[in-house]
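Q: my questions are about this predicted structure, shown below with the sequence.
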Amino acid sequence: MQTNRYHAKCDGDCCNLCCTRIENLGVAKGHTTILENVNIHIHCGELTAIIGPNGGGKSTLLKALLGEVPYTGEFKFLNARGGRSIEPVIGYVPQHLDFDAGIPASVSDLFVACLSRKPAWLMRPGSARNRALEGLRKVNAEHLLDRRLGALSGGELQRVLLALALDPVPNLLLLDEPVSGMDQGGLELFYSTVAELRHNYDLSIIMVSHDFDQVWRHADRVVLLNRTVITSGTPQQVFNDRKTLECFGITGFFTGGMPGGTQGGDG
Amino acid sequence: MMLQAWYDIVDFLLPFEWAEHNFMKNALLAVLLATPLFGLLGTMVVSNRMAFFSDSIGHGAFTGIAIGALLGGFEPLVGAVLFSVVFSVIITIIKNRSRTSTDTVIGVFSSTAVALGLILLSSGGFNRYSSYLVGDILSVRPDEIILLLVLFAAVVTLWVLIFNKALLVSINQSLAASRGINTLLVDILFTVSIAVVVTITIQWVGLLIINSLIVLPAAASRNVTANMRRYHFVSVAISMFSGVSGLIASYYLNTPTGATIVLIAAFIFFVLFLVQKKIPH
């Protein structure tokens, strides 16, 4: 059991908290195996980063967890009390919204569509708008409420989507390359928001990322995924693992790039 | 007579020459019921870039009418609605399965449908049904207006119930899935409602221009709106205005009604397209 290693490390306490278990997960499309034998165990309050080469199945894993693609194996969310398996509330921040930038939908419309039963084309329910404002405030984006979705910058849109993913407060937050197309200021704001939420709400977060610098600084755990879990552990362990270097076909890649090099992992 | 109250109202409110005839009163009521539906459904068709798709549903409806006419015995409309519902469900499922060549799939289906429809109709006396190509709103009968009324109520109810979900699916499928929405079901409900509306109204509007009536008002509205309520409000308003003014204009100009309505809607589209930069949205 690969996961036992983590159990040993979590020092009793967090083992009694909720956790997410992905066991033997596999996804096939036609005759092509995209994922097989994927085992990942995530504790609450942890940010797990999924890294790996393009086409390695990172986004497919998220889609499987969202129930969008059929999979074999198990995906369980165990709650804190007695480890009973429950249906988790999942928050999802897509990589990019592949929507028509000309669509006359405001940020408020998006929230109303998610939070209210009243049709957004006919009504403008105050309760949903208030909830939207509250959510946007958490990510410093209240001023965007009545802006058109297509008029938002990449960073603004990601923050709006993050606020949306957090209402209702999820058990599990899935971030699919959340920072692509964000400027440096937006990046810092996004990560500091995520870090804060994680501690306040005891969220489990799975983040797909290409940005190793950010992964190194913010992730508690890293999973290298290429069809299956190649290696996993703390950022330090994974980035120093020979398999990681082999997987990306680069040697000496991380030696210069990691700030400090002492952070993370052993907490 | 069922529509006597309506005739009285028109006589009282619209003491004009065009409104004296009963066929014009019928047509006016039909326009007032059908155009809001076009304006309403069009918003989602345009947002989902489904103009080609709704066009092909029109073709499917045409084939359906041909099949319905051949089967005979009962109203061609029943067979037509059934066929185009099946047709639209099949296309939707294929569209959801393969993301890549949707256009080709739709193109294949729609041209097959139209060819089949033409052959079937020509064997069963084409002239009788060629009116489906052009359509004639002035031929609408009182019992058909009742049918339109039922359709109106059904579509508006559906649109109240599933709109929020359809909007999320339209913005992002995965996002919608993460909110527990059955994206395929929402897609199917939406396309079936288009299929039913198109099939029922095609005899008055005509295969050739029905898609313009769905696409133009919403496309025009997009130019000047920034949220869903205004988008729908302006789209429905443009649709109804073009419908009523087109009906009246065609009476005096002696032009085909459907085409006149489309020209007015197209004119509004171009005007709003040109002014869009001056209106902040």
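A: Done, it's in.
Q: any idea which helix or strand carries residue 186?
A: I went with chain A, as the question did not name one. Per DSSP states H and E, A:Gly186 falls inside helix A:184-201.
Q: let's do chain B instead
A: According to DSSP H and E, B:Val186 maps onto helix B:183-205.
Q: so after that helix, what's the next helix or strand?
A: Following helix B:183-205 in sequence, per DSSP H and E, is helix B:210-222.
Q: that next one vs chain A: in contact?
A: Yes. Residues of helix B:210-222 are located near chain A by C-beta under 8 Å from any C-beta of the partner chain, namely B:221-222. Just so you know, the C-beta spots here come from the backbone N, C-alpha and C atoms, and that holds for glycine as well.
Q: one step back: and the helix holding B:Val186, what does it pack onto?
A: helix B:22-47, helix B:51-71, helix B:76-97, helix B:131-134, helix B:142-171, helix B:173-178, helix B:210-222 (3 or more C-beta pairs under 8 Å, 6 or more residues apart in numbering or on different chains; DSSP states H and E).
Q: now do the buried residues in it.
A: Residues of helix B:183-205 classed as buried: B:183, B:186-205 (neighbour count, 16 or more other C-beta atoms under 10 Å in any protein chain shown).
Q: now stretch B:235-251
A: B:235-251.
Q: near chain A, which residues of the stretch 101-250 of chain B? Just list them.
A: B:159-161, B:163-165, B:167-168, B:170-175, B:177-179, B:221-222, B:225-232.
Q: and the spatially closest residue to A:Phe248 that is not a sequence neighbour, helix, strand or coil?
A: Nearest residue to A:Phe248, sequence neighbours excluded (C-beta to C-beta, 6 or more residues apart in numbering or on different chains): A:Pro53, at 6.5 Å. Taking DSSP: H, G, I helix; E, B strand; the rest coil as the rule, one finds A:Pro53 in the coil state.
Q: show me the helices in chain A, by range?
A: A:4-9, A:58-65, A:107-115, A:126-138, A:154-165, A:184-201, A:212-218, A:235-239, A:242-248, A:253-257 (DSSP state H).
Q: of all the ones you listed, which one is nearest B:Leu82?
A: Nearest to B:Leu82 among the helices of chain A is helix A:107-115 (31.8 Å), distances taken as C-beta to C-beta.
Q: the closest one and chain B in contact?
A: Yes. Helix A:107-115 reaches chain B (C-beta under 8 Å from any C-beta) through A:108-110, A:112-114.
Q: which residues are contacting that helix?
A: Outside helix A:107-115, the residues that touch it by C-beta atoms under 8 Å, 6 or more residues apart in numbering or on different chains are A:118, A:120, A:124-125, A:128-129, A:131-132, A:135-136, A:144-147, A:149, A:152, A:160, A:164, A:167, B:163-165, B:167-168, B:171, B:179, B:227-228.
Q: give me that answer again for 7 Å
A: Contact partners of helix A:107-115, identified using C-beta atoms under 7 Å, 6 or more residues apart in numbering or on different chains, comprise A:120, A:125, A:128-129, A:131-132, A:144-147, A:149, A:160, A:164, A:167, B:164, B:167-168, B:171, B:179, B:227-228.
Q: and what of stretch B:170-189?
A: Against stretch B:170-189 from outside (C-beta under 7 Å, 6+ apart): A:63, A:66-68, A:90, A:92, A:94, A:97-99, A:105, A:110, A:114, B:44, B:47-48, B:89, B:92, B:96, B:158, B:162, B:165-166, B:168-169.
Q: related to what we said a few turns ago, distance of the residue nearest to A:Phe248 relative to A:Leu152?
A: Applying C-beta to C-beta, to the nearest Å, the value for A:Pro53 to A:Leu152 is 30 Å.
Q: quick one, which of those two is more surrounded?
A: A:Leu152 (19 against 16; other C-beta atoms under 10 Å in any protein chain shown).
Q: pLDDT at the more buried one, what is it?
A: For A:Leu152, the pLDDT comes out at 88.
Q: return the residues in contact with it.
A: Counting by C-beta under 7 Å, 6+ apart, the residues that A:Leu152 touches are A:144, A:160.
Q: and it, how far from chain B?
A: 12 Å (C-beta to the nearest C-beta, to the nearest Å).
Q: just A:Ala128 next, same as before
A: 10 Å.
Q: just A:Ala163 next, same as before
A: Distance of A:Ala163 to chain B, given as C-beta to the nearest C-beta: 13 Å.
Q: next up, the contacts around that residue.
A: By C-beta under 7 Å, 6+ apart, A:Ala163 lies in contact with A:135-136, A:138-139, A:141.
Q: so which of those comes closest to chain B?
A: A:Gly135 (14.2 Å; C-beta to the nearest C-beta).
Q: excluding chain neighbours, what is closest to that closest one?
A: The nearest residue in space to A:Gly135 (C-beta to C-beta, 6+ apart) is A:Ala163, at 4.0 Å.
Q: swap in A:Val160?
A: Setting aside the residues directly before and after it, A:Val160 is nearest to A:Val107 in space (C-beta to C-beta, 6+ apart), at 5.4 Å.
Q: what is the burial count for the one you found?
A: 26.
Q: any of the contacts of helix A:107-115 buried? List them.
A: Buried among the contacts of helix A:107-115 by 16+ other C-beta under 10 Å: A:120, A:125, A:128-129, A:131-132, A:144-145, A:147, A:149, A:160, A:164, A:167, B:164, B:167-168, B:171, B:179, B:227-228.
Q: mind checking pLDDT for residue 135?
A: Unless you meant another one, I'm taking chain A. pLDDT at A:Gly135 comes out at 89.
Q: wait, chain B
A: So, for B:Gly135, pLDDT stands at 80.
Q: quick check: phi and psi at it.
A: For B:Gly135, the backbone dihedrals (degrees, to the nearest 10) come out as phi 80, psi 160.
Q: for it, give me its contacts.
A: Residues in contact with B:Gly135, defined by C-beta under 7 Å, 6+ apart, are B:202-206, B:258.
Q: looking at those residues, which one is closest to chain A?
A: Once C-beta to the nearest C-beta is applied, the member of the contacts of B:Gly135 that ends up nearest chain A is B:Val205, at 23.3 Å.
Q: low-confidence stretches in the chain?
A: You didn't say which chain, so I picked chain A. Low-confidence regions of chain A, defined by pLDDT under 70, span residues A:1-17, A:80-83, A:179-182, A:250-267.
Q: wait, chain B was what I had in mind.
A: Residue ranges of chain B with pLDDT under 70: B:1, B:72-75, B:98-101, B:124-130, B:277-281.
Q: what's the spacing between the helix holding B:Val186 and its chain's center?
A: Between the centre of helix B:183-205 and the centre of its chain there are 8 Å (C-alpha atoms, centre = their mean, to the nearest Å).
Q: about what we covered before: type out the ChimeraX command that picks the buried ones from the residues of the stretch 101-250 of chain B next to chain A.
A: In ChimeraX syntax, the buried subset of those is picked out as below (16+ other C-beta under 10 Å):
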select /B:159,163,164,165,167,168,170,171,172,173,174,175,177,178,179,221,222,225,226,227,228,229,230,231,232
